[in-house]
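In: turn this into a structure:
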Amino acid sequence: MAATQVLKSEWTKIRSVSSTLWTLGLAAVVTIALGLLISILSKNDYDKLDAQDKLTFDPTYISFAGMSLGQLALIVFGVLVVSNEYSTGMIRTSLAAVPQRGTFLFSKVAVATLLALVVGLATSFVTFFLGQSMLGPYKAQIGDPGVLRAVIGGGLYMTLIAMFSMGVAAMLRSPMLSLGILMPFFFLISNILGNVSATKKIGRFLPDQAGNKIMQVKTPFDDDTPYGPWGGLAIMVAWVVVVLLGGYVLLKKRDA
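Out: Okay, the predicted model is just below:
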């Protein structure tokens, strides 16, 4: 089957499973809604900040506060895109139609990534502008130094979270097992490693913590991270490449 036909087939599969599209919509709604709420609260609390905190007040990053919860839906999206066929048994039919397993996997990932990127960028820009409108006199402008990079970075971060989840799902095949590992990894293990002084230097190299740097415009005074926004994004990309290659290798080696 030609590559263009495989891409069309994967788009049809994603579009025909309503749960995958719903998760993308949920990611956008949660990210925007929580970003609005945190922006409102931050505006009301600004006067309570000390002088040091006011200097590092980052209105752009504040508007992306909902990303930490919105990524939950993106994880589910990434897992469902890859593992749905395993759970339904359709994987055998798909691999019979597309015996080139690399073409099969990376066509699936490419279509889902493009969809996640479109939704991620749209969500990021909407989140930024609505969040800034709530911050009033403390808001940032899209033309301020580093702001456009951070807003585009928010969309890239959302996309990479989905891609990372696809790679894990390709390795594990089971949606329940994939979610059972990814959810604690991002929402428990990463937070613990990042906040405990003994493991903080390890935690900052995890994909979500490294990728988060791309959305920061101002760096907190106590932040001694040895990389900047683009360095953090590069670390996240490296994680994504590793898990996708792992998924490809395992798909090549084992039976459907």
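In: who are the packing partners of the helix or strand containing L36?
Out: For L36, the host element (DSSP states H and E) is helix 18-45. Here helix 18-45 touches helix 3-16, helix 59-63, helix 67-88, helix 101-135, going by 3 or more C-beta pairs under 8 Å, 6 or more residues apart in numbering; DSSP states H and E. Where you see a C-beta, it was placed from the backbone N, CA and C, and this is true even at glycine.
In: show the average pLDDT along the second one.
Out: Averaged across helix 59-63, pLDDT comes to 96.
In: got a markdown table for the helices and strands packed on helix 18-45, with distance to P145 and mean neighbour count too?
Out: Shown next, in a markdown table, are those (distance: least, C-beta to C-beta, whole Å; neighbours: other C-beta atoms under 10 Å):
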| stretch | distance to P145 | mean neighbour count |
| --- | --- | --- |
| helix 3-16 | 38 | 15 |
| helix 59-63 | 11 | 25 |
| helix 67-88 | 21 | 23 |
| helix 101-135 | 15 | 20 |
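In: export those helices to TSV and tack on distance to A238?
Out: Compiled in TSV, the helices and strands packed on helix 18-45 are given as follows (distance: least, C-beta to C-beta, whole Å):
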stretch	distance to A238
helix 3-16	25
helix 59-63	23
helix 67-88	17
helix 101-135	16
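In: next, give phi and psi for Q100.
Out: Phi and psi for Q100, reported as degrees, to the nearest 10, are phi -80, psi 100.
In: ok, now P99?
Out: Phi and psi for P99, reported as degrees, to the nearest 10, are phi -70, psi -20.
In: what distance do you get for M67 to V126?
Out: Between M67 and V126 the computed distance is 13 Å (C-beta to C-beta, to the nearest Å).
In: how about the residue in this structure that sits furthest from its center?
Out: Distance from the centre of the chain peaks at A51, with 32.9 Å (C-alpha atoms, centre = their mean).
In: G143 versus that residue, what's the distance?
Out: From A51 to G143 the distance is 26 Å (C-beta to C-beta).
In: thinking again about what came up before, which one of the helices and strands packed on helix 18-45 has the lowest average pLDDT?
Out: Across the helices and strands packed on helix 18-45, helix 3-16 has the smallest mean pLDDT, namely a mean of 83.
In: rewinding a little: what's the spacing between the residue farthest from the centre of the chain and T4?
Out: A51 sits 59 Å away from T4, going by C-beta to C-beta.
In: identify whichever of the helices and strands packed on helix 18-45 lies nearest to T199.
Out: Closest to T199 of the helices and strands packed on helix 18-45 is helix 67-88 (C-beta to C-beta; 19.1 Å).
In: what's that closest one packed up against?
Out: Helix 67-88 packs on helix 3-16, helix 18-45, helix 101-135, helix 147-172, helix 175-184, going by 3+ C-beta pairs under 8 Å, 6+ apart.
In: could those helices go into CSV alongside distance to Y61?
Out: Output for the helices and strands packed on helix 67-88, formatted as CSV (distance: least, C-beta to C-beta, whole Å):
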stretch, distance to Y61
helix 3-16, 31
helix 18-45, 10
helix 101-135, 10
helix 147-172, 7
helix 175-184, 24
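In: and Y227, which of these is closest to it?
Out: Y227 lies closest to helix 147-172 among these, at 13.7 Å (C-beta to C-beta).
In: tilt between the closest one and helix 18-45?
Out: Computed by axes from the mean of the first three to the mean of the last three C-alpha atoms, to 10 degrees, the angle separating helix 147-172 from helix 18-45 equals 140 degrees.
In: helix 147-172 versus helix 101-135: what angle between them?
Out: Calculated by the same axes, to 10 degrees, helix 147-172 forms an angle of 140 degrees with helix 101-135.
In: off-centre distance for stretch 31-44?
Out: Relative to its chain's centre, stretch 31-44 lies at 20 Å (C-alpha atoms, centre = their mean, to the nearest Å).
In: got it, and stretch 220-233?
Out: Distance, centroid of stretch 220-233 to centroid of chain: 18 Å (C-alpha atoms, centre = their mean).
In: thank you, goodbye.
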